[in-house]
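**Q** I'd like to go over a predicted model; first the sequence, then the structure.
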Amino acid sequence: KAGVTQTPRYLIKTRGQQVTLSCSPISGHRSVSWYQQTPGQGLQFLFEYFSETQRNKGNFPGRFSGRQFSNSRSEMNVSTLELGDSALYLCASSRRGGDTEAFFGQGTRLTVV
Amino acid sequence: AQSVTQPDIHITVSEGASLELRCNYSYGATPYLFWYVQSPGQGLQLLLKYFSGDTLVQGIKGFEAEFKRSQSSFNLRKPSVHWSDAAEYFCAVGSIQGAQKLVFGQGTRLTINP
């Protein structure tokens, strides 16, 4: 059974650009959530999608957005990149949300220069 | 608001020694609790989870954790560590209902001495 797949694994972008990260959940999982991991702030929740609807959102600026497609694949977008957006972005999938365990992908390492 | 505290930022143990990583949580109801492990540059791997029932849960790689409601703790243990256990360990609390949202502790980095 394939795990959670995130692409790309590594990205280097310039300040002011935008970036799109992709996440393919485990087959049959309908919930996809995103996290940002930095040395200073640790792991922070960005947002969660279920059946193409955003159900919950963390405390991040509007530059961070996401969406989910009918096949449960999800994308997150960061516009007008700042140096502080450099982080490991992790995606997790679960069957239906909070009462089921979450499985994480390998992450996308974003570096903003 | 939910919160998780891992008091130990870094722990060093000798190979073959026992291990206990501490985790304290704050949550208004019975929580869902998790331990994840992360190797450098990698994603998070689920070690074990507590949803309900038996308060001593077994996980992968020989790990176990005990849920103690009175102490708001969910400590991770292993009787004998291996060099391959060196990694960062994260405790997390999850929502009971609705959206999948985990609140993580700051992590404990585990170093193994040969």
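**A** Looks like it arrived, so ask away.
**Q** For the nearest residue to residue A:66 once chain neighbours are set aside, name its beta-bridge partners.
**A** The shortest distance from residue A:66 to any residue other than its chain neighbours is 4.2 Å, reached at residue A:76 (C-beta to C-beta, 6 or more residues apart in numbering or on different chains). Placement of C-beta: from N, CA and C, glycine included. As for beta bridges, residue A:76 partners with residue A:21, residue A:66 under DSSP bridges.
**Q** So what's the residue count around residue A:64?
**A** 18 (other C-beta atoms under 10 Å in any protein chain shown).
**Q** Provide a list of residues in contact with residue B:108.
**A** By C-beta atoms under 8 Å, 6 or more residues apart in numbering or on different chains, the contact set of residue B:108 is B:6, B:8-11, B:21-22, B:88-90.
**Q** Quick check: the gap between it and chain A.
**A** Using C-beta to the nearest C-beta, to the nearest Å, residue B:108 is found at 12 Å from chain A.
**Q** before we move on, what about residue B:13?
**A** 23 Å.
**Q** Name the SS class of that residue, please.
**A** strand (DSSP: H, G, I helix; E, B strand; the rest coil).
**Q** circling back to that earlier point, tell me if I'm right that the residue nearest to residue A:66 and residue A:54 touch.
**A** No: assessed by C-beta atoms under 8 Å, residue A:76 is found out of contact with residue A:54, at 11.0 Å.
**Q** neighbour count winner among the two?
**A** More neighbours surround residue A:76 than the other of residue A:76 and residue A:54, with 22 against 14 (other C-beta under 10 Å).
**Q** ok so, going back, can you tell me which of the contacts of residue B:108 are in strands?
**A** Members of the contacts of residue B:108 lying in strands (criterion: DSSP state E): B:10-11, B:21, B:88-90.
**Q** Restricted to buried residues, select those residues in ChimeraX.
**A** Provided next is the ChimeraX selection string for whichever of the ones in strands among the contacts of residue B:108 are buried by 16 or more other C-beta atoms under 10 Å in any protein chain shown:
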select /B:21,88,89,90
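**Q** Turn the ones in strands among the contacts of residue B:108 into a markdown table, including pLDDT and distance to residue A:96.
**A** Compiled in a markdown table, the ones in strands among the contacts of residue B:108 are given as follows (pLDDT from 0 to 100; distance: C-beta to C-beta, whole Å):
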| residue | pLDDT | distance to residue A:96 |
| --- | --- | --- |
| B:10 | 97 | 36 |
| B:11 | 97 | 35 |
| B:21 | 98 | 29 |
| B:88 | 98 | 28 |
| B:89 | 98 | 27 |
| B:90 | 98 | 23 |
